[in-house]
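Visitor: pasting the structure only:
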């Protein structure tokens, strides 16, 4: 099966992976942590600011693939503290319109570079 990789401007990789890979009409985005491209560091502040940065990074990757958040069909959110769920959800709901993408939210012990959140996305090219 053929696949195509995408690298997004304004987004940083912290390992040997593609920002996104397309195969069979689906675009699989690597998890995005709240890494600020300008500083090269995790966005400081509460979970609201970190979630907003994750979505900026996701939007950059989708743009590199010629897509927008409207193309997203599935999201997985990883949180190091499930007490942050409500605040994350407040940012999340502003990113989409009904019908919302399918979503999972998972509590984890730790994320790269001390991030409090990581968001992984699957999109589809119509």
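Guide: Perfect, I can see it now. Everything numeric in this text was worked out from a predicted model, so none of it was measured.

Visitor: tell me which residues in stretch 43-54 are buried?
Guide: Under the neighbour-count criterion of 16 or more other Cβ atoms under 10 Å, stretch 43-54 has 43, 47, 49-54 buried. Glycine gets a C-beta too; all of them are placed from N, C-alpha and C.

Visitor: Oh, that last question was meant for stretch 72-79, not what I typed.
Guide: Applying 16+ other Cβ under 10 Å to stretch 72-79 flags 72, 75, 77-79 as buried.

Visitor: Partner strands of the helix or strand bottoming out on mean pLDDT in the chain and their direction?
Guide: Taking mean pLDDT, DSSP states H and E as the measure, the helix or strand of the chain with the lowest value is strand 4-6, at a mean of 87. Using DSSP bridges, strand 4-6 pairs in its sheet with strand 20-23 (antiparallel).

Visitor: So what touches the least confident helix or strand of the chain?
Guide: 18-23, 27, 61, 64-65 (Cβ atoms under 8 Å, 6 or more residues apart in numbering).

Visitor: if you set the cut-off to 6 Å instead, what comes out?
Guide: Residues from elsewhere that reach strand 4-6, judged by Cβ atoms under 6 Å, 6 or more residues apart in numbering: 18-22, 64-65.

Visitor: Out of these, who's the most crowded?
Guide: With neighbours defined as other Cβ atoms under 10 Å, the most crowded of these is residue 20; it has 24 neighbours.

Visitor: Am I right that that one is in contact with residue 27?
Guide: Yes - between residue 20 and residue 27 there is a contact under Cβ atoms under 6 Å: 5.3 Å.

Visitor: Pull up the overlap in contacts between those two.
Guide: Joint contacts of residue 20 and residue 27 (Cβ under 6 Å, 6+ apart) are residue 65.

Visitor: And the strands in this protein?
Guide: All strands of the chain, identified by DSSP state E, fall at 4-6, 20-23, 26-29, 35-36, 41-42, 72-79, 102-107, 117-124.

Visitor: and stretch 65-83, how far from the chain's centre?
Guide: Taking Cα atoms, centre = their mean, to the nearest Å, one finds stretch 65-83 lying 5 Å from the centre of the chain it belongs to.
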